[in-house]
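J.: prediction below, plus the sequence it came from.
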Amino acid sequence: MSAAHDKGDGGGGGGEGIDRQRPYFDALYAASDDPYALRERWYEARKRAVLLAALPQARYRKVYEPGCGIGELTLALSHRCDELLASDFSAHAVDIARKRTAAVANVRVAQHALPMDWPRDAGRFDLIVLSELGYFLDRRDMQRVAECCRDSLEPDGTLVACDWRPDFAQRSLSTKEVHGVLADLGLARLALHEEDDFVLQVWARDGRSVAEREGIR
């Protein structure tokens, strides 16, 4: 598949914070096509399984997954939706993810630097997944990404954030700050999963539990 850029019409401006990370990610993906060992580590496979199990719906119509990296979570999400737009700001990651998903008909991979390239022209999504993304943004850009999530989420939509908790050199924000910005959107929280390594939260416009949605209670 082509590695040509596929950008949305964007939210206008911003993106300077994440752009400062470009040399780090260029070096990372130049050294390896799986720099975080997403295909090898049980930690990563288990984290994906926890995220997928936390989704309140069995299937979604249209999903947006920014910060998709090499596309491992993308592949897993593709089995739970009709249409999936995945993106990353790294051209190297986009190229790898496109090759990984080339045979998956319901997946499209684009190069987006958030918030400026948020895909507003793609319409609304009923699932948005922000996995290991927000802490690379500065506070202003994270706030704008949160606003894009709010504006792009369907009335029955789900918003997920999953993030590494320990500190590291490339952070711009703490995971607590990232999740606080998203919590301030005022969506109902359906799930909170906390471990020493990562935290996962699920919010939705529909605040009913899975059991309530299925009429069990």
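T.: Cool, got the structure. Numbering: from 1, shown residues only.
J.: which helices and strands does the biggest strand by length in the chain pack with?
T.: Of all the elements of type strand in the chain, the one with the most residues (DSSP state E) is strand 153-164. Using 3 or more Cβ pairs under 8 Å, 6 or more residues apart in numbering; DSSP states H and E as the contact criterion, the secondary-structure elements in contact with strand 153-164 are helix 42-54, strand 125-131, helix 175-183, strand 198-204. Glycine gets a C-beta too; all of them are placed from N, C-alpha and C.
J.: comparing these, which comes out most buried?
T.: Among those, ranked by average contacts under mean count of other Cβ atoms under 10 Å, first place goes to strand 125-131 (a mean of 24).
J.: how about residues contacting that one?
T.: Under the contact criterion Cβ atoms under 8 Å, 6 or more residues apart in numbering, strand 125-131 has outside partners 51, 55, 57, 60-67, 73, 77, 81, 85, 145, 149, 152-154, 156-163, 182.
J.: again, 7 Å this time
T.: In this structure, residues lying in contact with strand 125-131 by Cβ atoms under 7 Å, 6 or more residues apart in numbering are 51, 60-67, 73, 77, 81, 149, 152-154, 156-162.
J.: now do stretch 77-94
T.: Counting contacts by Cβ under 7 Å, 6+ apart, the residues touching stretch 77-94 from outside are 3, 18, 25-26, 29-30, 52, 55, 59-71, 74, 97, 104, 106-113, 119, 122, 127, 129.
J.: can you tell me which of those residues are in strands?
T.: Per DSSP E, strands hold the following members of these: 60-66, 107-111, 127, 129.
J.: name the nearest of those relative to L192.
T.: When the ones in strands among the contacts of stretch 77-94 are compared for distance to L192 (Cβ to Cβ), V129 comes out closest, at 16.0 Å.
J.: quick one: that closest one and E154, what's the gap?
T.: As defined by Cβ to Cβ, to the nearest Å, V129 lies at a distance of 14 Å from E154.
J.: phi, psi for L173 please.
T.: Note on L173: its backbone torsions stand at phi -130, psi 150 [degrees, to the nearest 10].
J.: right, and it touches Y135 too?
T.: Yes: using Cβ atoms under 7 Å, L173 is in contact with Y135, at 4.9 Å.
J.: centroid residue for the protein?
T.: In the chain, the C-alpha closest to the average C-alpha coordinate belongs to L130, at a distance of 2.6 Å (Cα atoms, centre = their mean).
J.: tell me what T158 is bridged to.
T.: As for beta bridges, T158 partners with L127, A204 under DSSP bridges.
J.: just to revisit the earlier point, now render the ones in strands among the contacts of stretch 77-94 as a markdown table, adding distance to E44 and pLDDT.
T.: Formatted as a markdown table, the entries for the ones in strands among the contacts of stretch 77-94 read as follows, by distance: Cβ to Cβ, whole Å; pLDDT from 0 to 100:
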| residue | distance to E44 | pLDDT |
| --- | --- | --- |
| Y60 | 22 | 98 |
| R61 | 27 | 98 |
| K62 | 25 | 98 |
| V63 | 19 | 98 |
| Y64 | 21 | 99 |
| E65 | 15 | 98 |
| P66 | 18 | 98 |
| V107 | 19 | 98 |
| R108 | 23 | 98 |
| V109 | 19 | 98 |
| A110 | 23 | 98 |
| Q111 | 23 | 97 |
| L127 | 20 | 98 |
| V129 | 15 | 99 |
